[in-house]
Structure formats: C-alpha cells, structure tokens
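*Asks:* Requesting a structural model of the entry that follows:
(chains A and B)
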Protein chains: 2
Amino acid sequence: MKRLALAIAAVSLTAFAPAKKPGTAEAVAAAQPADWRRVDPANTLYMEVNGGTVIIELAPQFAPLHVDNIKTLVKERFFDGTSINRVQENYVTQWGDGTEKKSLGTAKATLPLEAERSAKGLAFTRLNHRDAYARQVGFVDGFQAASDGKGRAWMAQCYGVVGVGRGESTESGSGAELYTMIGQAPRHLDRNYAGVGRILQGMELMTALPRGTGQLGFYEQESQRVPIKRVRLGTDVPAAERIDLEVMRTDGKAFATFVDARANRERDGFMIGMRGVDLCNIRVPVRPAAK
Amino acid sequence: MKRLALAIAAVSLTAFAPAKKPGTAEAVAAAQPADWRRVDPANTLYMEVNGGTVIIELAPQFAPLHVDNIKTLVKERFFDGTSINRVQENYVTQWGDGTEKKSLGTAKATLPLEAERSAKGLAFTRLNHRDAYARQVGFVDGFQAASDGKGRAWMAQCYGVVGVGRGESTESGSGAELYTMIGQAPRHLDRNYAGVGRILQGMELMTALPRGTGQLGFYEQESQRVPIKRVRLGTDVPAAERIDLEVMRTDGKAFATFVDARANRERDGFMIGMRGVDLCNIRVPVRPAAK
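*Replies:* You can find the predicted model right below:
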C-alpha cells in the first residue's frame, strides 16, 4: 500500500513538474550523426594483448614527433612480441620492450619532450568547472586537455590516456615504452610527460591484470609479463577485421548536453546533483560506426 | 663525456641552489611517531578474498548507523561465503549477498541514508586546492572529505573508499552490499551514497579482477563470482594474526608537508610542479605499526 501511494504521488508530480533534464544515456542517444566523428584509421593502433584487442587513437596535434616515431615502430613491427611489463596499483600499466635491447629499426631512440605545446591552432572547448591542476581544462578533438591560460596547452593525464615512458632526462623517451593510467588520474604528470593518445576500446584488458610486485609495479619474473601478440596501424588492418569507431565531437551542442548531464545527476537514485564534474571523469563517448 | 659534463654542472648547481623541497617519500620518512595514529581494531574489518586479506577502516563519524549495522552483520558472519558480484570498469567493485536471499540476522534491512551530515563536530583539515564538486575539500581523521561550506559535510567518494550499495530508494541500503571505487573517483556519488570507510591494505585484490560482462559490470555466471571466505572485526582477530596499521594524522604538520610535496613535484624527472593536487589523488599514508 505504501509503495502504491508513492507511485500515485509521483504521477501527479510529473504532471506539473518541468521535464527532467536528460541523463547521460539519453544525451548520447539524442546525438545526431553530425555530432560524431569517424576515427581516422591512420591515427589508430590495434594492439592484440591479453586475449583481446586494445584500440588506441593517436593525437599528433599534441605530440607529432612521438606519434610519428610510434607509427614507424609499429610499421616495422617493433611491438610484436614485446609485453606489458609493469602494472602499478592505482597508477599505470606500461608496455613495450622490457629488455630495452630490441632494435628500434629506423625509429629514433630519443626525442625532444612533447609534454606541452602552444595553445595556438588548437580548437579548445572549455569545461566550465574547477580543476585542481590547471587554470583551464577542456577538450581538443575528443582528448582531455588543459591550459595555463597564458598560451600553453597539453593533454591531461586522465584515466585511459596513453603516455610516453622515459627516464629522468626529459629527452629520453621515444615511444618504445608506453603507459596508460589505470587509477585516479595522476595529473602531476601533466606538462612533464608526453600524452600521445587515448584508449578507445579494450581498457579492461589493461586494468584487470595482476599488479607487479617489483619496485614501481614492475613484474619481477619474465613469466609474469603479458605478451603483446601484435600492434598494427588501422590502415594496415584488412577491411574485414577493422573495427570502425566514432567519437562524439567535443565542440558541439550534443557533447555540451552530455557534460551537463554528467555534472548534474538528478535521476535514477540520485537526489543531489553536484553541479560540477572533474575533467577526467568525463569519458568522451565512443561507439561503433554505422556500417 | 657529455654525461660527465652534466654531472659536474649538477654538482656546482647543488652547491649554490637552495635545498630542494622534500619529495613525498622524504616527507613520509621524516614524520615523527606522534604524526601517526594507530588504527582502532574495533573499527577495522579483515576481509579474506581473492587469495589475500583486504583491511578496511570504518568511519562511524560519517555513517554511524551503517557502521553499526555492518559490525552486526560481520559479527553474525553474514559476509562469510558471500562474494564479489560486480566489477565495473573504471567504476566499482561490489560485494556481499549476490542472491539477496541470505538472512540479515539481527541486522536491519534498511537504514536512513547517511550520505552527508552536519559539519559540526568534525575536525576538518582543509585542502587549499580547487575541486570540481565541492566548495571545500579536505580530510577528517584520515578520510577524504568535502563540505558545502554551509554546514554540511560528507565523505568524498575517492578511489578505495567503501560505500553502501542501495536501490533507487534512498532508504534501501543496509551495508549488506558494499562497493569500492576502482577508477577515476565518481564524485557524483558524493551526498547521494553513504561512505562508510576506506581500504587501507589489499586494494590490488579488488582491482585486478575480470570486469563483469553483465549490465553494470555484474558477473553473469555464478561461477565468475569471487568468493569471500570470511570477514572479521579487528577485535575478533587473534593477536598473532592481527595486522596493526598506522595512518598518518591528517591534522598535523607532517601531513601538510606530504600534501605540499604531492602538489609540487619538482624532482626525479619532473620539471614543472603543477602547484595543485586533487583531493582523491592524495592517498593518506598507511604503514605497519611499530611492534
């Protein structure tokens, strides 16, 4: 009886109350074809690992030299037969040549750091919520980004972003060792480590792994490493095997509606919308492309 | 030769440059015995799962009714033989009675929501960095917390915090189903879901698990569930088996130094300190207690 009384009350309230804001699922469902961008196979990596395929979108607008070098490494099959060597709890999963003895072929062994760049020429859509690390945060072509408001911009080191491992010297990275964030976003890496892309699909293959027991989460035994069968550039994947994905455009109205829904949860068991959302808690929607 | 020249330059710089700020490891090492608090066994849970022991500190100051109910469930061995039933990528690991048929014994089946409380009576140490969700953030007795600055406070739903699963009705939780955050902190749960504690040890046992393929990350097959062998209150664990832990006091100078080091990484390969840190990116230090 109590349950029924509540249901009746809800009906009469609905009749007079303004329509509820769309939730995040409704916002995604309502997006039109023009609100989505097809991911370019020339900037896509397919990494076969841990029984599945991880799909990475590269971001040459943030790290052109590293992306170029990574493409060379991939084309020359450098990553095939390497492994995931490090899984550090609440931090990163790292992969590439664990022996550091494998030839880099025609790729460069070190590159200048590309942890930030001029904000000029980037289509930066601002997120109007506070951030602990940067004056401005937002999105560039579907990537989480930040800016100092004084002309410098960078990819934010959010969950699922792919970055370049390096030694203490800033010029010691090449892209032969890469990592992705698997915990609370370690944004202190912003401006210090180069972000080169983000994982669009298969993140669970990188996170549901035993944590390494060595220092910094490195696997202590070679047998613990998770083999990488193969990494291919999207353009080298036969059409029949290709997984075409679309990313929601981050500069349009549909995405703004999605972000607003994410920042103001007031349905499905939520009573208090927090009226705010952290940059790294907004995962830009990805879906299979229409055939 | 190049390497040698750099080393010489570094020596002469060191002689004249001001001493570097301590890093986080140095800040923890420099803390004195009085900077640490022994965790009370009466507010500690030992959960045997996934081949190890997860240690949870309960927070009665935030959710007294739920903590009390959870203690009743534990004492009456409700959790023994239940399981982890849900692992949702970048969100939560959830455990308890997956069948929802097990008797709750003398524990209550539902409780009033304890997602926030009066800020009065809480020793709130403010974190002076921006937050997307709340006017004020900081720490209460080692727990990440937030406040609206108008008299309401709550535990922030950070990585490793333990919360109470419930249905859409706010009064549908009891503590018989609990979850912990395993990805970017879903702070939209703040003020909507009750936080009852945090995991001090064994987090990797909760995160390195296959993600569920059912809706919301629930395991679809009963055989996929991860059995919980036993949950005990610290006071019921024989002295010889007890793992006494200390948490760094969050209201002292040592912790302030630690937070400052976390917010301003400028050593070990970091060039640019971000001069900010997110609440959920500060894991309050935990260590084994001195014998």
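
*Asks:* and the gap between residue A:199 and residue A:239?
*Replies:* Residue A:199 sits 23 Å away from residue A:239, going by Cβ to Cβ, to the nearest Å. No exception for glycine: its C-beta is placed from N, CA and C like everyone else's.

*Asks:* which ones are touching residue A:213?
*Replies:* Contact partners of residue A:213, counting by Cβ atoms under 8 Å, 6 or more residues apart in numbering or on different chains, are A:219, A:220.

*Asks:* you'd agree residue A:276 is in a helix?
*Replies:* No - Residue A:276 is assigned coil when assessed by DSSP: H, G, I helix; E, B strand; the rest coil, not a helix.

*Asks:* More neighbours: residue A:199 and residue A:239, which one.
*Replies:* Between residue A:199 and residue A:239, counted using other Cβ atoms under 10 Å in any protein chain shown, residue A:199 has the larger neighbour count: 24 against 7.

*Asks:* What residues sit buried inside the helix or strand containing that one?
*Replies:* Following DSSP states H and E, the helix or strand that holds residue A:199 is strand A:195-201. For strand A:195-201, burial by neighbour count (16 or more other Cβ atoms under 10 Å in any protein chain shown) applies to A:195, A:196, A:197, A:198, A:199, A:200, A:201.

*Asks:* Partner strands of that strand, with direction?
*Replies:* strand A:52-58 (antiparallel), strand A:161-164 (antiparallel) (DSSP bridges).

*Asks:* Put together a markdown table for these, with mean neighbour count on each row.
*Replies:* Below are these laid out as a markdown table (neighbours: other Cβ atoms under 10 Å in any protein chain shown):
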| stretch | mean neighbour count |
| --- | --- |
| strand A:52-58 | 21 |
| strand A:161-164 | 26 |
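
*Asks:* Please tabulate the ones you listed in a markdown table, including the columns mean pLDDT.
*Replies:* Formatted as a markdown table, the strands paired with strand A:195-201 follow (pLDDT from 0 to 100):
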| stretch | mean pLDDT |
| --- | --- |
| strand A:52-58 | 98 |
| strand A:161-164 | 98 |
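
*Asks:* rewinding a little: neighbouring contacts of the strand holding residue A:199?
*Replies:* A:39, A:43, A:45, A:53-59, A:62-63, A:66-67, A:70, A:115, A:143-144, A:154-158, A:160-164, A:175, A:178, A:180, A:206, A:243, A:245, A:247, A:286.

*Asks:* after that strand comes which helix or strand?
*Replies:* helix A:203-207.

*Asks:* Skipping adjacent residues, who's closest to residue A:191 in space?
*Replies:* residue B:272 (4.4 Å; Cβ to Cβ, 6 or more residues apart in numbering or on different chains).

*Asks:* what about chain A, any weak spots by pLDDT?
*Replies:* By pLDDT under 70, the low-scoring segments of chain A are A:1-20, A:98.

*Asks:* Show me the helices in it, by range?
*Replies:* A:2-16, A:24-30, A:64-75, A:203-207, A:253-263 (DSSP state H).

*Asks:* Tell me which of these approaches chain B most closely.
*Replies:* Taking Cβ to the nearest Cβ, helix A:203-207 is the member of the helices of chain A nearest to chain B, at 4.3 Å.

*Asks:* Could you give the separation of that closest one from the chain centroid?
*Replies:* Relative to its chain's centre, helix A:203-207 lies at 12 Å (Cα atoms, centre = their mean, to the nearest Å).

*Asks:* what residues does it touch?
*Replies:* In contact with helix A:203-207 (Cβ under 8 Å, 6+ apart) are residues A:49-52, A:54, A:84, A:93, A:160, A:180, A:182, A:199, B:89-90, B:207, B:210-211.

*Asks:* Buried only: go through the residues you listed for me.
*Replies:* Buried among the contacts of helix A:203-207 (16+ other Cβ under 10 Å): A:49-50, A:54, A:84, A:93, A:160, A:180, A:182, A:199, B:89-90, B:207, B:211.

*Asks:* Reformat those as JSON lines; add distance to residue B:186.
*Replies:* Converted to JSON lines, these look like this (distance: Cβ to Cβ, whole Å):
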{"residue": "A:49", "distance to residue B:186": "27"}
{"residue": "A:50", "distance to residue B:186": "25"}
{"residue": "A:54", "distance to residue B:186": "23"}
{"residue": "A:84", "distance to residue B:186": "26"}
{"residue": "A:93", "distance to residue B:186": "20"}
{"residue": "A:160", "distance to residue B:186": "15"}
{"residue": "A:180", "distance to residue B:186": "19"}
{"residue": "A:182", "distance to residue B:186": "15"}
{"residue": "A:199", "distance to residue B:186": "19"}
{"residue": "B:89", "distance to residue B:186": "12"}
{"residue": "B:90", "distance to residue B:186": "9"}
{"residue": "B:207", "distance to residue B:186": "15"}
{"residue": "B:211", "distance to residue B:186": "16"}
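
*Asks:* ok, so of the residues you listed, who is nearest residue B:228?
*Replies:* Distance to residue B:228, by Cβ to Cβ, is smallest for residue B:207 among these, at 15.9 Å.

*Asks:* quick one: residue A:86 and chain B, what's the gap?
*Replies:* Counting by Cβ to the nearest Cβ, to the nearest Å, the gap from residue A:86 to chain B is 13 Å.

*Asks:* Who's the closest spatial neighbour of that residue, skipping the chain neighbours?
*Replies:* The nearest residue in space to residue A:86 (Cβ to Cβ, 6+ apart) is residue A:94, at 3.9 Å.

*Asks:* Count the residues that sit near that neighbour.
*Replies:* If we define neighbours as other Cβ under 10 Å, then residue A:94 has 22 of them.

*Asks:* Tell me if I'm right that it and residue A:83 touch.
*Replies:* No - using Cβ atoms under 8 Å, residue A:94 makes no contact with residue A:83, being 10.1 Å away.
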